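> can you look at this prediction? I've put the sequence above it.
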Amino acid sequence: MIRVNKILKNSLFRSCMQEIDEAEKERIFCGHGIEHLLSVARIMHINALEENIRIDKEIIYAAALLHDIGRARAYRLHTDHAKESAEIAGMILEACGFEKAETDEIIYAVLHHNDSEKSSELCSLLRNADRLSRNCFACKAYEECNWSENKKNQGVSV
Ligand SMILES: [Fe+2]
Ligand SMILES: [Fe+2]
């Protein structure tokens, strides 16, 4: 996991994460801090193992760590956070030694993580884990949240 740990120490990653923490201080809905990113990574990894999907663990963790990295920039510019995340992810992945094909695979998943019309194995894993990581059943902002009843997690599932 050498390259994943490089992401965690990358200065652009860290400054984006700090900006997200600051921007979401007063947010009542789900946040996008490191706990969310690591929950997504772990759920992706578990589901990949259970479903026999053979994707390198570093690719899984990199996609999870970077999928919301453009949140603060998107809040600031009123743009799409998946697009911002994909752009920033490209720079971080290159700096952390990911190869072109790996970077393309991760960026595709990040860019389309909220778009059910576009998919790849990594993208589906990411989209599912992103939703499953949310504890809607115990959320104080359950009523105010704009997720549909179907999308909200009513309990623990896989
Ligand atoms: Fe997202
Ligand atoms: Fe997310």
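Alright, I've got the coordinates. Ligands and ions are numbered 1, 2, ... in the order given.

> measure the residue nearest to the spatial centre of the chain to residue 10 for me?
Geometric centre of the chain, nearest residue: residue 67, 3.3 Å, by C-alpha atoms, centre = their mean. Distance, residue 67 to residue 10, using C-beta to C-beta, to the nearest Å: 15 Å. Placement of C-beta: from N, CA and C, glycine included.

> how about residues contacting stretch 30-50?
17, 20-21, 24, 53-55, 57, 60-61, 63-65, 67-68, 71, 125-126, 128-130, 132-134, 139, 158 (C-beta atoms under 8 Å, 6 or more residues apart in numbering).

> which positions within that stretch qualify as buried?
For stretch 30-50, a neighbour-count test (16 or more other C-beta atoms under 10 Å) marks 30-32, 36-37, 39-41, 43-45, 47-48 as buried.

> and it, is it in reach of ligand 2?
No: Stretch 30-50 stays clear of ligand 2 (C-beta under 5 Å from the ion), getting no nearer than 5.8 Å.

> from the buried residues of stretch 30-50, which is closest to residue 83?
Set against residue 83, the nearest of the buried residues of stretch 30-50 by C-beta to C-beta is residue 32 (15.3 Å).
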